[in-house]
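Peer 1: Need the 3D shape of this:
(2 chains)
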Amino acid sequence: EVQLVESGGGLVQPGGSLRLSCAASGFTFSSYWMSWVRQAPGKGLEWVANIKQDGSEKYYVDSVKGRFTISRDNAKNSLYLQMNSLRAEDTAVYYCARESTVTPRMDVWGKGTTVTVSS
Amino acid sequence: NFMLTQPHSVSESPGKTVTISCTRSSGSIASNYVQWYQQRPGSSPTTVIYEDNQRPSGVPDRFSGSIDSSSNSASLTISGLKTEDEADYYCQSYDSSVVFGGGTKLTVL
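Peer 2: Below is the predicted model of the structure:
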């Protein structure tokens, strides 16, 4: 079964850091672009970042550039999101998503992990 | 980058047909494929339409997608509405980055 399981969410103070992880199984992880997508409480979906199969290309939404870093470990079938200098507006459910091999669309989603930035 | 604009909410009765629009702010809607995701409360999104008008296996043919270059928009049409179709729907496309629409809450009443 194709599966993505996020972990690492929690409560953090403004200015703090958090590292999210996503464990992939049931497919050849190293063959796919991977994304992080977030959803603030009561709001819509917002793409955060994505990373190429070998990690050589990474892209970010403007609001997280310089603060968040996406990475992957293909040997461990894992995707990561290092989040620094967190702000209240980063509070959201963070989803790990697999991108289709053909076009930049999300064809598999995890259940998400919740990040709350508050003092 | 561009934006995708959706109506905030739509409502229709069971058995009827509803269409949700998604308008691209700049650049041609036909330049890059459009996807549609359904998200029920408390659940992760799932794809109902990909590459403008393709349905994943398991999605009923009541769901259809199209694009209209004259209005620079994409549309998701759901016919024979069922109460289980009540959900939030998001369009998504891309150019240099991935872009989601703001989402449309569909109420079936």
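Peer 1: Enumerate the residues of chain B near chain A.
Peer 2: Residues of chain B that fall close to chain A, judged by Cβ under 8 Å from any Cβ of the partner chain: B:32-33, B:35, B:37, B:39, B:44-47, B:50-51, B:88, B:90, B:92, B:94, B:96-103. In short, each C-beta sits where N, CA and C put it, glycine included.
Peer 1: from those, which would you call buried?
Peer 2: Buried subset of the residues of chain B next to chain A (neighbour count, 16 or more other Cβ atoms under 10 Å in any protein chain shown): B:32-33, B:35, B:37, B:39, B:44-47, B:50, B:88, B:90, B:92, B:94, B:98-103.
Peer 1: quick one: low-confidence ranges for chain B?
Peer 2: For chain B, applying pLDDT under 70 flags no range at all.
Peer 1: Pull the contacting residues for residue 64.
Peer 2: All of this refers to chain A. Contact analysis of A:Val64 by Cβ atoms under 8 Å, 6 or more residues apart in numbering or on different chains lists A:Val48, A:Ala49, A:Met83, A:Asp90.
Peer 1: you looked at the wrong chain, it should be chain B
Peer 2: Counting by Cβ under 8 Å, 6+ apart, B:Ser64 makes contact with B:Ile49, B:Asn53, B:Arg55, B:Leu76, B:Thr77, B:Ser79.
Peer 1: cool, B:Asn53 as well?
Peer 2: Applying Cβ under 8 Å, 6+ apart to B:Asn53 gives the contacts B:Ser64, B:Gly65, B:Ser66, B:Ile67.
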